[in-house]
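1. Need a 3D model of the sequence below.
(one chain, ligands or ions: 1)
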Amino acid sequence: MSDIKTILAKKQLDGAAGKWIERLDGVGEDDVRAALNAPPGRYRFERLLALISPAAQNFLEQMAQQARQVTIQRFGRTIQLYAPLYVSNYCINSCRYCGYNVQTSCDRTRLSVDEAIAEADIIAAQGFRHILLVSGEDPEFITVDYLTRLAGRLKSKFSGISVEIYPMSRSDYEKLFAAGIDGVTFYQETYNRRLYSEYHIAGPKSDYDYRLDTHDRTAPAGMRRLGLGALLGLGDWRVETLALAEHAAWLMKKYWRCQVSFSFPRLRPANHVLPHFEQLVTDTELVRMMLALRLCFADAGIVLSTRESASLRDNLARLCVTRMSAGSKTSPGGYGRRVQSQEQFEIDDKRSPAEVAAMIRSSGCECVWKDWDAAFAPDQR
Ligand code: SF4
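-> Predicted coordinates:
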């Protein structure tokens with residue numbers, strides 16, 4: 001089986017967007033109708049291309065209805081809730097869009113395991129049973145030993161523990177999995193190699209290929225939940241969507257036991273970072289991207305964070321979202337407010353978890369706080 005680098009290179013999805021913009025502009029309304037008339041839920045490259053083309057703009061309502069049906073058929077009327085727990089905002093990278101980058105001055109904090117547990121207790125008291133540990137690339141402090149000690153104490157409180165941290169080796173992921181961490185989320189940021197180099201000018205993250213291969217190390221290590229995404233606003237969103245879909249399709253084929261999810265982080269205002277981005281994604285474009293991916297990947301999780309506004313989240317909760325964060329704090333220590341530290345970005349939906357849960361119920365869906373139990377995986381814990 002080809003690796004993902006070869007697949008992207010062959011399709012020229014890791015380079016200049018020009019060829020694909022031309023192809024997208026060449027899609028006609030008949031192509032979109034054909035894409036919508038095919039049974040929804042199965043991935044075909046040409047189908048996705050039609051659904052994200054300019055010609056699909058007039059079919060948004062039809063796409064929304066189909067996406068809703070596919071989501072209900074596959075996931076029922078349920079939305080799982082999770083909360084992020086930031087454990088460190090130290091970082092050795094220089095991502096030009098991020099307020100935590102090593103060159104910016106900000107209040108930096110590292111939570112000891114005891115401090116992280118205090119934060120986690122607040123999250124658990126709000127009802128959450130799924131937690132996402134988030135950190136800048138801080139390998140000096142956020143070590144495998146730190147994470148395994150933390151996971152060891154979290155697993156009695158949470159049924160699902162995922163991480164969104166820096167890329168590690170397969171053997172390190174094996175240790176995390178053995179300690180109770182069962183999911184890893186990774187954003188390639190942009191699949192365009194030239195843009196990737198421009199935005200990641202120094203630090204380990206400047207290695208595009210090592211990052212791209214991350215899930216080829218997490219999945220063999222046992223991880224069950226694989227999160228994927230591109231940071232929307234860096235490259236052309238349509239070409240990023242095509243590359244993201246190829247990445248997901250390849251992972252689903254190779255690691256069919258894992259659940260693959262898409263996340264949709266859009267650039268948000270951040271501390272001391274580039275104020276101008278030329279490819280910012282509008283609400284309508286974001287919705288089209290989400291609906292198109294849902295119509296091509298019936299089994300994929302669709303995750304929407306509190307970066308987005310309450311009204312957009314409410315609407316998308318009725319259509320295709322399967323997982324949402326709520327009441328998020330994006331700074332270490334932010335839940336207990338015991339320490340002063342810089343948040344990574346400003347969230348938009350500032351409602352409490354209880355308010356988000358009430359919205360989900362009022363939209364006719366059930367809130368799922370827990371959908372996994374350690375008893376299902378006696379080999380792990
Ligand atoms: S995006 Fe992540 S790796 Fe890059 S500077 Fe921010 S925290 Fe560090």
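2. How far off centre is the longest helix along the chain?
-> For the chain, the helix with the greatest residue count under DSSP state H is helix 237-254. With C-alpha atoms, centre = their mean, to the nearest Å as the basis, helix 237-254 stands 13 Å off its chain's centre.
3. what mean pLDDT does the helix or strand following that helix have?
-> Following helix 237-254 in sequence order, the next helix or strand is strand 259-263 (DSSP states H and E). Averaging pLDDT along strand 259-263 gives 98.
4. Same check on stretch 146-163?
-> What stretch 146-163 shows for mean pLDDT is 97.
5. Buried by neighbour count: which residues of it qualify?
-> In terms of neighbour count (16 or more other C-beta atoms under 10 Å), stretch 146-163 has its buried residues at 146-148, 150-151, 154-155, 157-163. All C-beta spots, glycine's among them, are computed from the backbone N, C-alpha and C.
6. can you check stretch 93-108 too?
-> For stretch 93-108, burial by neighbour count (16+ other C-beta under 10 Å) applies to 93-95, 97-101, 104, 106, 108.
7. Now for the buried residues of stretch 146-163: which two are most distant?
-> Y146 and S159 (21.5 Å; C-beta to C-beta).
8. On the three-state scheme, D30 is what?
-> helix (DSSP: H, G, I helix; E, B strand; the rest coil).
9. number of nearby residues for it?
-> Using other C-beta atoms under 10 Å, D30 has 10 neighbouring residues.
10. Same question for T143.
-> So T143, with other C-beta under 10 Å, has 12 neighbours.
11. Spell out which parts of the stretch 101-250 of the chain neighbour the ligand.
-> Neighbours of the ligand within the stretch 101-250 of the chain, by C-beta under 6 Å from any ligand atom: 101, 136-137, 205.
12. For the stretch 201-350 of the chain, give me the ranges with low pLDDT.
-> 269-275, 338-340, 342-345 (pLDDT under 70).
13. mind listing the strands for it?
-> 225-230, 259-263, 301-304, 323-325 (DSSP state E, counting those that start in this stretch).
14. and G41, which of these is closest to it?
-> Nearest to G41 among these is strand 301-304; the distance by C-beta to C-beta comes to 12.8 Å.
15. contacting residues around that closest one?
-> 71, 225, 227, 259-264, 290, 293-294, 313, 316-317, 320-324 (C-beta atoms under 8 Å, 6 or more residues apart in numbering).
16. residues contacting the residue nearest in space to the middle of the chain?
-> Nearest to the geometric centre of the chain sits S263, at 3.0 Å (C-alpha atoms, centre = their mean). Contact partners of S263, counting by C-beta under 8 Å, 6+ apart, are 185, 187, 227-229, 303-305.
17. ok, now with 7 Å
-> With contact taken as C-beta atoms under 7 Å, 6 or more residues apart in numbering, S263 is in contact with 185, 187, 227, 229, 303.
18. Check whether the fourth one really touches Y191, as I assumed.
-> The one in question is G229. No. G229 is not in contact with Y191 according to C-beta atoms under 7 Å; the separation is 10.9 Å.
19. ok, these two, which is more surrounded?
-> Remark: of G229 and Y191, Y191 carries more neighbours, 25 against 20, as counted by other C-beta under 10 Å.
20. Excluding covalently adjacent residues, which one is nearest to that one?
-> A243 (3.6 Å; C-beta to C-beta, 6 or more residues apart in numbering).
21. Please verify my assumption that G203 contacts C98.
-> No. The pair G203 / C98 is not scored as a contact, 11.2 Å apart, by C-beta under 7 Å.
22. Which positions in the biggest strand by length in the chain come out as buried?
-> The residue-count maximum for a strand in the chain (DSSP state E) belongs to strand 78-88. Buried residues in strand 78-88, counted by 16+ other C-beta under 10 Å: 79-88.
23. Near the ligand, list only the ones from these.
-> Okay, of the buried residues of strand 78-88, nothing touches the ligand (C-beta under 6 Å from any ligand atom).
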